[in-house]
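Engineer: Sequence and computational prediction follow.
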There are 2 protein chains.
Amino acid sequence: MTISEVSKKFDITPDTLRYYERIGLIPPVPRNKSGLRDYDDESCRWIEFIKCMRSAGLPIEALSEYVSLFRQGDETIDERRKLLIRERDILAQKISDMQDTLKRLDYKISFYERTMEENKCESLLHKKDG
Amino acid sequence: MTISEVSKKFDITPDTLRYYERIGLIPPVPRNKSGLRDYDDESCRWIEFIKCMRSAGLPIEALSEYVSLFRQGDETIDERRKLLIRERDILAQKISDMQDTLKRLDYKISFYERTMEENKCESLLHKKDG
DNA sequence: TATTGACATGGAGTGTACTCCAAGTGTTAT
DNA sequence: ATAACACTTGGAGTACACTCCATGTCAATA
C-alpha cells in the first residue's frame, strides 16, 4: 500500500505517518525499488496499534520505547511486558479519575436543569401575579 | 489566602494560577490594598473545579467560555447547561474509548505472560496480537 | 535605612506532537 | 520529451499549555 492509501485507511495524514516512522513510533516501513514506502500488513498493524494507544493518551516516549524493545528481539519480552503494565496502570487510573469527573459534570448538569425548572415556575407565578 | 498558600493547597504553581486568571480560565481574583491576590472561598472553588476539569482533559477553550458565560449572569444559564452537556458527552465517549484500549492492553499483557511461561517467540506473539 | 522576600506584570522560552514547506526524484500520460 | 503528479528528505513552523524570567513594587525585618 502507498502512503496515501494508508493515510485514508487510518485517517492519519501522510505527514504524521512519516513523522511516526522518523521518530521510531513505528518500525521502518518497507520501500519499493524507487524508495517509496510500500506498507505491508505488519506495518498496517503497527499503525493501527499506535493510533489506538496514542488516542488513549499513551505518551510517544513510552510507545517508541516499546517499539525499540520489540526491534531488539526476544530478550526484551520481560521489559516490554513491564512497560505495558506500567502504562496500563496509568491508563486505568486516568479512566477512574475521568469517571469521577463525569459524575461531577452529570451532577452539575442536573443542578442546572433543576434551576431552570424553578425559574419556569417563578416566571409563571410572576405572570399570574403581574 | 495568598497565591503561595493556594499554590500549596491545590498543588498548582503560582505561575499557572496567574496564567489561568490571565486567560480567563478562572474569574478575576480579589486583591488587597497592595494589589496582591487575596483568594476567597469562591476563587478557591473555581480553582478546584478547573483543576478537576482540566485533569479530565476538558479543553481550556470550553472552560474559559463557561467562565465567561457565568460572568455574564443568569441569562446564560441555558447556554452553560448546553456547554456542559456537550463536554460531558465528549468525556463519556473518551472514557469508553479508553476502556476499550485498557482491555486491549490487558489482553496484550496476558499474552506476554503466557508467552513467557511457554517460552514462545516474540514474532509469533506480535503476529497474533497486532 | 537598607535588605530581604513575596508578589506584581508583560513577554519570552519550553516541551509535546504534530504540520507545513522547499527542493528534488521517479512514474505516467500526452 | 515535457508536464503532471505522487512521493522523498531535512528542516522550519504551529498550537497548546504551561513555565520561566527581567524588572519593579510593597511590607516587614535587621
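Structural biologist: Cool, got the structure.
Engineer: Off-centre distance for stretch A:64-75?
Structural biologist: Its chain's C-alpha centre and that of stretch A:64-75 lie 21 Å apart, by Cα atoms, centre = their mean, to the nearest Å.
Engineer: Mind listing what's buried along that stretch?
Structural biologist: Residues of stretch A:64-75 classed as buried: A:64-67, A:69-70 (neighbour count, 16 or more other Cβ atoms under 10 Å in any protein chain shown). C-beta here means a position set from N, CA and C on the backbone, and glycine is covered the same way.
Engineer: can I assume residue A:10 is in contact with residue A:51?
Structural biologist: Yes. Using Cβ atoms under 8 Å, residue A:10 is in contact with residue A:51, at 5.8 Å.
Engineer: Quick check: residues of chain A near DNA strand C?
Structural biologist: Proximity of chain A to DNA strand C (Cβ under 7 Å from any atom of the strand) is limited to residues A:13, A:15-16, A:18-19, A:33-35, A:54, A:59-61.
Engineer: element containing the nearest residue to residue A:91 once chain neighbours are set aside, please.
Structural biologist: Distances taken as Cβ to Cβ, 6 or more residues apart in numbering or on different chains place residue B:102 nearest to residue A:91, at 5.4 Å, with adjacent residues excluded. Assigned by DSSP states H and E, residue B:102 falls within helix B:77-118.
Engineer: same thing with residue A:26?
Structural biologist: Applying DSSP H and E, one finds residue A:26 in no helix or strand.
Engineer: quick one on the thing from earlier: so who does the residue nearest to residue A:91 touch?
Structural biologist: The contact partners of residue B:102, taken as Cβ atoms under 8 Å, 6 or more residues apart in numbering or on different chains, are A:56, A:88, A:91-92, A:95.
Engineer: could you give the mean pLDDT of stretch A:49-66?
Structural biologist: Across stretch A:49-66, the average pLDDT comes to 96.
Engineer: do stretch A:100-115 as well
Structural biologist: Averaging pLDDT along stretch A:100-115 yields 94.
Engineer: Excluding chain neighbours, what is closest to the residue sitting nearest the centre point of chain A?
Structural biologist: Note on chain A: the residue nearest the mean C-alpha position is residue A:55, at 0.7 Å, using Cα atoms, centre = their mean. Nearest non-adjacent residue to residue A:55, counting by Cβ to Cβ, 6+ apart: residue B:97, 6.5 Å away.
Engineer: okay, stretch A:14-25 in PDB with CA atoms only?
Structural biologist: The C-alpha trace of stretch A:14-25 is given here as PDB (Å, rounded to 0.1, in the frame of the first residue of the first chain):
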ATOM      1  CA  PRO A  14       1.000  11.300   5.300                       C
ATOM      2  CA  ASP A  15       3.000  13.800   7.200                       C
ATOM      3  CA  THR A  16       2.000  12.200  10.500                       C
ATOM      4  CA  LEU A  17       2.800   8.700   9.100                       C
ATOM      5  CA  ARG A  18       6.200   9.800   8.100                       C
ATOM      6  CA  TYR A  19       6.700  11.600  11.400                       C
ATOM      7  CA  TYR A  20       5.800   8.500  13.300                       C
ATOM      8  CA  GLU A  21       8.300   6.400  11.300                       C
ATOM      9  CA  ARG A  22      11.000   9.100  11.600                       C
ATOM     10  CA  ILE A  23      10.800   9.100  15.400                       C
ATOM     11  CA  GLY A  24      10.600   5.400  15.700                       C
ATOM     12  CA  LEU A  25       7.000   5.200  16.800                       C
END
